[in-house]
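Undergrad: Curious how this folds, go ahead:
(chains A, B, C and D)
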There are 2 protein chains.
Amino acid sequence: MDTKVDTRPSQDCKNCSLRKLSGLRPLSVPELKFVQDFKSGELACDPGMTLIAESAYSPHLYTVLDGWGFRYKTLEDGRRQILNFVVPGDMVGLQGAVLKYMDHSVEALTPMRLCVFERERFFSLFEQHADLAFDVTWIASREECILDEHLLSVGRRSALERSAYLLAFLYYRGLTSGLISKGRAHLPVTQALIADTLGLSIVHTNKTLKKLAARKLVAWKEKGCEILDADGLCAVAQWEPRAEAERPFI
Amino acid sequence: MDTKVDTRPSQDCKNCSLRKLSGLRPLSVPELKFVQDFKSGELACDPGMTLIAESAYSPHLYTVLDGWGFRYKTLEDGRRQILNFVVPGDMVGLQGAVLKYMDHSVEALTPMRLCVFERERFFSLFEQHADLAFDVTWIASREECILDEHLLSVGRRSALERSAYLLAFLYYRGLTSGLISKGRAHLPVTQALIADTLGLSIVHTNKTLKKLAARKLVAWKEKGCEILDADGLCAVAQWEPRAEAERPFI
DNA sequence: CGCCTGCTTGAACGCTATCAAAAAACGTGG
DNA sequence: CCACGTTTTTTGATAGCGTTCAAGCAGGCG
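TA: Numbering: from 1, shown residues only, chains lettered A, B, ... in the order given. The predicted structure is shown next:
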C-alpha cells in the first residue's frame, strides 16, 4: 500500500513507453517539448491505493502510463457505484483541474504508473498549445460518451446484457490501451467490482456471470475474467465497439 | 413541428438575453467580439423536434438560449434512456464537434431558442481564445460530473430516492438557468420522460411519484411537476446541490 | 363528439436483493 | 511446506421491489 514518487529527472516523453501504441496521435516537436516540461514526475502505486479522494483537494493531475484503475462514487450509507475504469492514455483528475472540485474517487486496481502534472500550470497548456487544449477536450468528450453508454446500460439493459456489455467494453479498452492482447485477454476484476459497476448485488452478479460462462463467452480464473468470445458478448449486449480513428494522448 | 432559422443578422451577443443571468462568467470585449463573429444564426424550434439525431452528421453546434430539451440514447429494440436535460447555457452537439460523431440524440421538450455555430470553425476558438477553450472544457467536465451523479443514482438509489434526486436536480438546473423561479417551480416533464430517465417503468414511476406527492414534496399538475419542497426531496435522495461559483457561457 | 396522449389503479408475475452458509483461492507467517 | 485468517466465489432459500398486463379515467384538440 505504499507510494513512491520517482525523484529522478523526468523520463523522456519522446521515448514514453506509450508512444509505441498504435492509434495515438503523434505529437509535434514543440508539443513534445511542452509536455516534457509540463511533466513534473512519475508516480508508481500498488493495487488498492486511492489516487484521488472525493472532495479532497489534490494539486495534481495525472495521465495513466500503465495499469488498471477505476473511478467511483459512494452514497452516505456506503453504497458504491463504479463510474468507469481508467487505462493507459486516460487522464485522471481532469474534473478537479477544470472545475476546482472532485466529485469522485479514483483507486488503483493493479500496480499503476502515472505521469504527474501540476494543476497550477494546467492553464498554460491552453495558452500555449491549442492542439493540446483540443485534445484535452476530446478526452473529456470521450469520457462523456462512455458514461452515456454506461447509463443506457445500467438503466435499460437486463442483468445478462449489462454484464456482457461491461466485459466486452473492458476487453476493448484493454486491447486499445495495450494492457491485454487477443491471446492474453485477462481482466483483473473481482465479481464485487463488476457488481458495483453494474448496479447489481454480488450474488446476482455471480449467477449472471455463470450464465455467460455456460455459454463459453467468458471464464473465471486466476482472480479475474478471461474473455473467450468478445463478439458473442457484444451480440448478447446489443452493442458494438466504435472503431476509433486517432486518439490523442498527453 | 416546424423549424425556422432566423435569417436576420445575428442578434447582438452583448445584449444576449442570457447575459443578465447571475452566475455567468462575464466575457471580455475581444471574447465577445469573437463569439459574435463565431455565431452564425439563431434557431427556434417547437416541442418534440429532434435537434440532433444519433449517428447523423450535423454541421452545427449549439448553445441553448431558452427552453428545455433532453439528450437520449436507444437500444435497437426501442428501449430508451434519457441521459440528461439541457437548459439555457448548455452546449448541444459538443461531442459531435470534438469526436466527429454523435452517439446520442437531442430533442426539444418545450419551445427552444438556440444559438448556432459552425463546427468547421470550432477549432479557431481554441486557436484564438485560450479562455474560451478552457470554458468549453469546463462545460464538458461539468456534464461528466452530472452524468457521474446520474449513474450513481440509477445504479444504487431506490426508485423513491432516484425520483427525488431527479426532481431536485431538475429544480436546481431550472433555477440557475432562469427557466423557473422559487415561486414558479413547474417542470415541463411527463411521467414517461421521468421513467426513461430513471430506468424505471412508467407504471412504477407513477406509483413512486404518488408517494412523493403524498409527502407534499411535489404536486402533479398542468402536464408537469410542481416542486413544493426541494430540501425535502434532497433529504430523501441523500443528495445536495453543489453551490457553483461562476459558470462559463459561450 | 371522438381520438389521442398522459395519468391512475389493481393484480400477477418474475427479476433481483437479501440472508445464510459453505467451498475455494489466496496471502502470510511459522 | 503447512496452518490459518481473509478474501473471493458459489449455492440455496426466501422475500420484495419493480415489471408487465389490462383497464379505466381525464383532459386537450381537431
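Undergrad: Need the pLDDT of the residue lying farthest from the centre of chain A.
TA: When distances are taken from the C-alpha mean of chain A, A:Ala214 lies farthest, 28.4 Å away, according to Cα atoms, centre = their mean. pLDDT for A:Ala214: 96.
Undergrad: Distance of it relative to A:Val189?
TA: 19 Å (Cβ to Cβ, to the nearest Å). C-beta coordinates here come from the backbone N, C-alpha and C atoms, glycine included.
Undergrad: try A:Leu151
TA: Distance of A:Leu151 to A:Val189, computed by Cβ to Cβ: 20 Å.
Undergrad: Next: A:Ser158.
TA: Separation of A:Ser158 from A:Val189 (Cβ to Cβ) stands at 20 Å.
Undergrad: Please apply the same query to A:Phe134.
TA: For A:Phe134, the distance to A:Val189 - Cβ to Cβ - is 33 Å.
Undergrad: how close does the residue farthest from the centre of chain A get to DNA strand C?
TA: For A:Ala214, the distance to DNA strand C (Cβ to the nearest atom of the strand, to the nearest Å) stands at 15 Å.
Undergrad: Count the residues that sit near whichever residue of chain A sits closest to DNA strand C.
TA: The nearest approach of chain A to DNA strand C comes at A:His204, 3.0 Å away (Cβ to the nearest atom of the strand). For A:His204, the count of nearby residues is 13 (other Cβ atoms under 10 Å in any protein chain shown).
Undergrad: For the helix or strand hosting it, buried residues please.
TA: In the assignment (DSSP states H and E), A:His204 maps to helix A:202-214. Applying a neighbour-count criterion of 16 or more other Cβ atoms under 10 Å in any protein chain shown, one finds A:205, A:208-209, A:212 buried in helix A:202-214.
Undergrad: Neighbours of A:Lys221, how many?
TA: Using other Cβ under 10 Å, the number of residues around A:Lys221 comes to 9.
Undergrad: Domains in chain A, by residue range?
TA: According to automatic domain parsing, chain A comprises the domains A:3-139, A:154-237.
Undergrad: want to throw these into JSON lines with distance to B:Leu167?
TA: Listed next are the domains of chain A as JSON lines, based on distance: least, Cβ to Cβ, whole Å:
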{"stretch": "domain A:3-139", "distance to B:Leu167": "18"}
{"stretch": "domain A:154-237", "distance to B:Leu167": "17"}
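Undergrad: looking at those, which is closest to DNA strand D?
TA: Closest approach to DNA strand D among those (Cβ to the nearest atom of the strand): domain A:154-237, 3.3 Å.
Undergrad: distance between the ends of the closest one?
TA: Start to finish, the residues bounding domain A:154-237 are 12 Å apart (Cα to Cα, to the nearest Å).
Undergrad: Stretch A:109-120 now?
TA: The straight-line separation of the ends of stretch A:109-120 (Cα to Cα) is 28 Å.
Undergrad: Check stretch A:216-229 too.
TA: Start-to-end span of stretch A:216-229 (Cα to Cα) is 7 Å.
Undergrad: got the buried residues for it?
TA: Buried residues in stretch A:216-229, counted by 16+ other Cβ under 10 Å: A:217-218, A:225-227.
Undergrad: Model confidence for the residue most central in space within chain A, exactly?
TA: Nearest residue to the geometric centre of chain A (Cα atoms, centre = their mean): A:Val86, 1.2 Å. Looking at A:Val86, its pLDDT stands at 98.
Undergrad: show me the contacts for it.
TA: Shown in contact with A:Val86 (Cβ atoms under 8 Å, 6 or more residues apart in numbering or on different chains): A:64, A:68-71, A:92, A:106.
Undergrad: likewise A:Asn84?
TA: So A:Asn84 contacts A:70-71, A:143, A:146-147, A:150 (Cβ under 8 Å, 6+ apart).
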